[in-house]
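Enquirer: okay, here's the prediction I keep looking at, along with the sequence it came from:
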Amino acid sequence: MSILDKINKENDIKNISMSDMPALADEIRQFIISNVSKTGGHLASNLGAVELTIALHRVMDLPKDKIIFDVGHQSYTHKILTGRKDDFYKLRQFGGISGFPKTCESECDAFNTGHSSTSVSAAVGMAKARELRGTDEKICAVIGDGSMTGGMVYEALDQITTLNSNCLIVLNDNEMSISENVGGLSSTLSKFRVGKSYNELKLSVENALMDIPTVGHKVARGIKKSKDSIKNLFVPGTVFGDMGITYIGPIDGHNIEQMTEMFEDAFKLNRPVIVHIKTIKGKGYKIAERYPEHFHGVGPFDPLTGKSTNVKNAQCYTDVFARKLVKLGEKDKRIVAITAAMSRGTGIRSFQKAFPDRCFDVGIAEQHALTFAAGLAAGGFIPVVAIYSSFLQRGYDQLLHDIALQKEHVIVMIDRSGIVGEDGETHMGIYDTAYLRSIPGLTVIAPKGAKELEMAMDYAVATDGPVAIKYTKGAAYTGLDDKNFQFIDGKSEVINFSSQVGEATVKPFAIMAVGSMVKTGVEIRDRFKEATNYEPELINVRFINPLDTERIRETASKYEYIVVLEESIKRGSVGEAVGYELSTTGSDCKLMHFCIGTDTVQHGSVARLKEELGLDTDSIYKEVFETVKNE
């Protein structure tokens, strides 16, 4: 029986001896590698956080105590230790467990996460709630050094000093270089500083000095100043000390016994504490240790070689964007590129290699990225900001206030728009149509395929003012690359007009499709043509802001139905706008709207999620056919 077999629910780990902990860590790593190689997921980050999670679980009582994982892509060990290891074969699969913490999945998941830099704010809120209730649960935020580039963290740290109780922040550092001797000295000093005897002595001395009339407080202040000056010479992290937060570390993030002792001592302090640990991303899997960025998020792979088992036959939209951006950069030196810590994921890496002086990675700071772009545009450059749809939400105010209202020539390339898949609700790009269409003066384009994405980028560079171009994850559609007509401001594209052969068996209708759903529209059109001898008109919406209202009215005057297809939530959608046009013009044309009617979309493959949402070709065809057939 393996050690891991003895852990079937939260707190079972406390029954395992400390001497067995290294072996348990090895078993958990092999378990993660084996399962993620089949399902895909976040690998390197989870392999690096095994020991720190074990140590926290040994000193905390779940679910009473609360662990908030920043982003959450390092929470696999936490899930394994809280009764979910038997469900790992369904990790990130439809109906299976999420790759991120989910409160609906387990009481041991204290807070839903998926985006960066939120954990400290949540932990401070929970600690303040604990103070107000008068309870005694332990609260801990686990945050990586990458997430520390997000400004929200420092907003939270600014407030954390107002707490009158403990709140532990574990800084998981797998990037910063700290020399051995400094780390060893800091570890020794940290043990001393959190020890009970030291803190009791420190408090006693301070109280005794303060009791001395007239000069006591001056002596105490002088001693404290000298102590801090010496400490600053040797101990990293003094920025936290200057903020009034006790800093401990750095310590070895793969030494379970040392971390357990440190966490136990840190929780005894009646004040906020930061424990800085050093880990190796991808620990225990040599290929992931060597290429941690590649193995941050992976699809299924061969664990022996590390090579993907998914066959990639076609280029994706990110590839199309990356190649085109380099070409544009070669022609126009005013073009600069910006990424928020996602140079590889968004395709900026190629531009970065070609023009290193014109490419800027600002860290996990989407707000800054957009206002920084506005500043560059005001200085005469053409900034291209590449960002995932779900992360762009964090910069809405900057997009509205700093870019759109000032009419700055900024190009925002929105990757992962629409249904994303296995990463689940926090990463879905289904809200962008709604929030982008509300921004005045922002041109928003949803290309139907690879060629049109390139055309949209040419248009965006040549035009004045801000332009957003949104495209989905996955293979770029090339089926209509020979059907691209002239790009005209705010105008949709008629791919084909309606026609019929013989007697009509269906009522006349047109399809208006947005972006990725144009491909689905083509498939539905072809099915109707084959089955009913009627070919519906197919329109590529192309511009979702401004919307081609003239085309909507013209189409409504010719057909009994307009069928709108889009990967967006209903409220604020293109279909909603089409419905508004039909109602205000008094048209008798009826609207069939295929979109996302639910507020959130869970994890699963894109194909499976579309079936569940009724956005796959079969579901749409059947519903439309039942509606438009002549009886």
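Expert: Here it is on my side, so go on.

Enquirer: what sits closest to V362 if chain neighbours are left out?
Expert: Spatial nearest neighbour of V362, chain neighbours left out: A369 (4.9 Å); criterion: C-beta to C-beta, 6 or more residues apart in numbering. In short, each C-beta sits where N, CA and C put it, glycine included.

Enquirer: equivalent analysis for R525, please.
Expert: Nearest to R525 is L538, by C-beta to C-beta, 6+ apart, at 5.0 Å.

Enquirer: list the contacts of the helix or strand harbouring L591.
Expert: Element membership for L591, per DSSP states H and E: strand 590-596. Identification of contacts with strand 590-596 by C-beta atoms under 8 Å, 6 or more residues apart in numbering yields 419, 430, 509, 517, 560-570, 573, 575-576, 578-579, 582, 613-615, 620, 623-624, 627.

Enquirer: which SS class is the residue nearest to R525?
Expert: Recorded secondary structure, L538: strand (DSSP: H, G, I helix; E, B strand; the rest coil).

Enquirer: who does it form a beta bridge with?
Expert: Beta-bridge pairing of L538 under DSSP bridges involves N496, I511.

Enquirer: circling back to that earlier point, just the buried ones from the contacts of strand 590-596?
Expert: In terms of neighbour count (16 or more other C-beta atoms under 10 Å), the buried residues within the contacts of strand 590-596 are 419, 430, 509, 517, 561-570, 573, 575-576, 578-579, 582, 613, 615, 620, 624.

Enquirer: looking at these, which are in strands?
Expert: Using DSSP state E, F509, Y561, I562, V563, V564, L565, E566, E567, S568, I569 are the members of the buried ones among the contacts of strand 590-596 that sit in strands.

Enquirer: looking at the residues you listed, which one is closest to S106?
Expert: I569 (27.4 Å; C-beta to C-beta).

Enquirer: show me which helix or strand of the chain is least confident by mean pLDDT.
Expert: helix 180-194 (a mean of 48; mean pLDDT, DSSP states H and E).

Enquirer: all strands of the stretch 351-500 of the chain, in order?
Expert: Per DSSP state E, counting those that start in this stretch, the stretch 351-500 of the chain has strands spanning 359-361, 382-388, 411-415, 443-445, 467-470, 493-496, 499-500. These are given in chain order.

Enquirer: the shortest one pairs with which strands, parallel or anti?
Expert: Partner strands for strand 499-500, per DSSP bridges, with pairing direction: strand 534-535 (antiparallel).

Enquirer: next one: the closest residue to E257 other than its chain neighbours from S147, what distance?
Expert: What sits nearest to E257 in space, not counting adjacent residues and going by C-beta to C-beta, 6+ apart, is M18, at 5.8 Å. If you measure M18 against S147 using C-beta to C-beta, to the nearest Å, the figure is 30 Å.

Enquirer: so which of those two has more stuff around it?
Expert: S147 (24 against 10; other C-beta atoms under 10 Å).

Enquirer: tell me, what residue is most central in this protein?
Expert: The chain has H115 as the residue nearest its centroid, 4.5 Å off, counting by C-alpha atoms, centre = their mean.

Enquirer: doesn't F391 make contact with that one?
Expert: Yes - A contact is recorded between H115 and F391 when judged using C-beta atoms under 8 Å, the distance being 6.9 Å.

Enquirer: returning to that earlier point: how near is the residue nearest to E257 to Q398?
Expert: 49 Å.

Enquirer: do the same with A377
Expert: With the distance defined as C-beta to C-beta, A377 ends up 12 Å from Q398.

Enquirer: Q159: what's it in contact with?
Expert: Q159 makes contact with V124 under the criterion C-beta under 8 Å, 6+ apart.

Enquirer: the one 10 residues further on too?
Expert: Counting by C-beta under 8 Å, 6+ apart, I169 touches V120, A123, C140, A141, I143, I160, I245, P272, V273, I274, V275.

Enquirer: out of those residues, which one sits closest to S45?
Expert: Closest approach to S45 among the contacts of I169 (C-beta to C-beta): I143, at 11.9 Å.

Enquirer: ok, E550 to D265 distance?
Expert: For E550, the distance to D265 equals 70 Å [C-beta to C-beta].

Enquirer: between the two, tell me which one has more neighbours.
Expert: Neighbours of E550 and D265, each counted by other C-beta under 10 Å, are more numerous for D265; the result is 20 against 12.

Enquirer: which element follows the helix or strand encompassing the more buried one toward the C-terminus?
Expert: Secondary structure from DSSP H and E places D265 in helix 256-268. Following the chain from helix 256-268 toward its C-terminal end, the next helix or strand by DSSP H and E is strand 272-278.

Enquirer: after that next one, which helix or strand is next?
Expert: Read in the C-terminal direction, the helix or strand following strand 272-278 is helix 286-290, with elements assigned using DSSP H and E.

Enquirer: so how far is that next one from its chain's centroid?
Expert: Taking C-alpha atoms, centre = their mean, to the nearest Å, one finds helix 286-290 lying 23 Å from the centre of the chain it belongs to.

Enquirer: which other residues reach that helix?
Expert: Residues outside helix 286-290 that contact it (C-beta under 8 Å, 6+ apart): L43, A44, L47, I280, K281, G282, K283, F295, T305, G306.

Enquirer: ok, and what's touching stretch 375-384?
Expert: Residues outside stretch 375-384 that contact it (C-beta under 8 Å, 6+ apart): 325, 332, 334-338, 372-373, 403, 406, 408-411, 413, 461.

Enquirer: got the buried residues for that stretch?
Expert: Of all the residues in stretch 375-384, those buried under the rule 16+ other C-beta under 10 Å are L376, A377, F381, I382, P383, V384.

Enquirer: now H593, which residues is it bridged with?
Expert: Beta-bridge pairing of H593, defined through DSSP bridges, involves V564.

Enquirer: any chance you could map the helices in the stretch 1-150 of the chain?
Expert: 21-39, 44-48, 50-59, 76-79, 119-133 (DSSP state H, counting those that start in this stretch).

Enquirer: dump those helices into a markdown table; add mean neighbour count, mean pLDDT and distance to D481 as well.
Expert: Listed next are the helices of the stretch 1-150 of the chain as a markdown table, based on neighbours: other C-beta atoms under 10 Å; pLDDT from 0 to 100; distance: least, C-beta to C-beta, whole Å:
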| stretch | mean neighbour count | mean pLDDT | distance to D481 |
| --- | --- | --- | --- |
| helix 21-39 | 19 | 96 | 34 |
| helix 44-48 | 27 | 95 | 37 |
| helix 50-59 | 24 | 98 | 47 |
| helix 76-79 | 26 | 98 | 41 |
| helix 119-133 | 19 | 96 | 45 |
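
Enquirer: let me have those in JSON lines, extended by distance to A314.
Expert: Converted to JSON lines, the helices of the stretch 1-150 of the chain look like this (distance: least, C-beta to C-beta, whole Å):
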{"stretch": "helix 21-39", "distance to A314": "22"}
{"stretch": "helix 44-48", "distance to A314": "27"}
{"stretch": "helix 50-59", "distance to A314": "36"}
{"stretch": "helix 76-79", "distance to A314": "31"}
{"stretch": "helix 119-133", "distance to A314": "38"}
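
Enquirer: that'll do, ta.
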